[in-house]
Each structure stands twice: as C-alpha cells, then as structure tokens.
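A.B. asks: Below: sequence and its predicted model.
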Amino acid sequence: MANGIMEIGPIAGWQPHKSVEESLQVIRNVLNGAESYAICEKENGKAIGAIELILNGHTDMTDRDDECELGYWLGQPFWGRGYVPEAVREILRHGFEDLGMHTIWCGYYDGNQKSKRVQEKVGFVYHHTCENVPVPLLNETRVGHTNRMTKEQWEKIFY
C-alpha cells in the first residue's frame, strides 16, 4: 500500500488497508456520504485525502438536523502542507452557509496531535473528553476528545 498508510489508519481508529481493492471498497462503502469530498492537489487534481460532513443519522455526535460531524484524513506524504486546514475552512463555510448548520462537531483520539492541531488552527473549541470510547474496527477503547464550532463562532473567525 501507499507510503504512510500504516500511520494514518490506526491513529484515526481503523486498520491499514491491505490492498488497493480494500481501499476501493472503503471509498465505495464508507467515503460515500452525501457531503463526502476528495481532497485534491490543485496542480494536478490528484486525490490525496478525503473530508466529510457526516449528517444526522450517520454520526453519534448529534441527533439534530442542524448539526453534523466533521471527519477528514490525508495521505502521509502530504502532511504539513496546509491542505487539511484549507479543506476544513472551505467545508465549514459550506456547512454553515450552504447547508444551514448551527454546530459542527469534530473529534480526535488521544495521541492524534496532528488532528488536534488542525482543529485548534481553524478555531474549533474544546467541548469534552470521554474515557473508554469504543473503537470497534480495532477492537479496543480509547480516550476521545470532542470539539465544536457554532455558526456564531465561525462568523467571528472568518468575517
């Protein structure tokens, strides 16, 4: 598999893919939400990650239609180049302006400093920490940290 895939999956709560076919199945069956998008390099259009607003009925972070969860990942060779913060800023705009969201939730597991940093950088605010969060794809539990951004907070940051 692609260089770095061994570090991306486990820190985010899933097993590294063992084949291209497995990755294609994940794209077809997991990365197919109504608000799921590829993160692409501008120069060549090459897909290097994904970002999604996970809507009510598909997330355990909320049961409201005007709230959703943000999820993202990026291939390791592209880390540290500002791609994820740029994509997050745009999907926040889309969520608040186009979809009418009031709150967007986002979380990370203990130890995922890169995801924590992205959320801090774009203005998410700490909400709570949960101990013993089930991570079914790895058959374990972890400490999970949850952040949120309201439309009002977003407007103060970006307008």
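C.D. replies: Structure received. Residues are numbered from 1 along each chain as shown.

A.B. asks: Pull the contacting residues for Glu67.
C.D. replies: Applying Cβ atoms under 8 Å, 6 or more residues apart in numbering, one finds that Glu67 lies in contact with Asn56, Met61, Met101, His102, Thr103, Ile104, Trp105. Backbone N, C-alpha and C define where each C-beta goes, glycine included.

A.B. asks: make it 6 Å
C.D. replies: By Cβ atoms under 6 Å, 6 or more residues apart in numbering, the residues touching Glu67 are Thr103.

A.B. asks: roughly how far apart are the residue nearest to Asp65 when sequence neighbours are not counted and Cys130?
C.D. replies: Leaving out its chain neighbours, the residue that sits closest to Asp65 by Cβ to Cβ, 6 or more residues apart in numbering is Asn56, at 5.0 Å. Distance, Asn56 to Cys130, using Cβ to Cβ, to the nearest Å: 20 Å.

A.B. asks: neighbours of Arg148, just the number please.
C.D. replies: 21 (other Cβ atoms under 10 Å).

A.B. asks: Hmm, it is touching Trp105, no?
C.D. replies: Yes: in this structure, Arg148 sits in contact with Trp105. The criterion is Cβ atoms under 6 Å, and the distance is 5.0 Å.

A.B. asks: State the number of residues packed around Ala87.
C.D. replies: With neighbours defined by other Cβ under 10 Å, the count for Ala87 comes to 21.

A.B. asks: er, Ile51 I mean
C.D. replies: Ile51 is surrounded by 22 other residues when neighbours are defined as other Cβ under 10 Å.

A.B. asks: Next: Lys114.
C.D. replies: Residues contacting Lys114 under the criterion other Cβ under 10 Å number 18.
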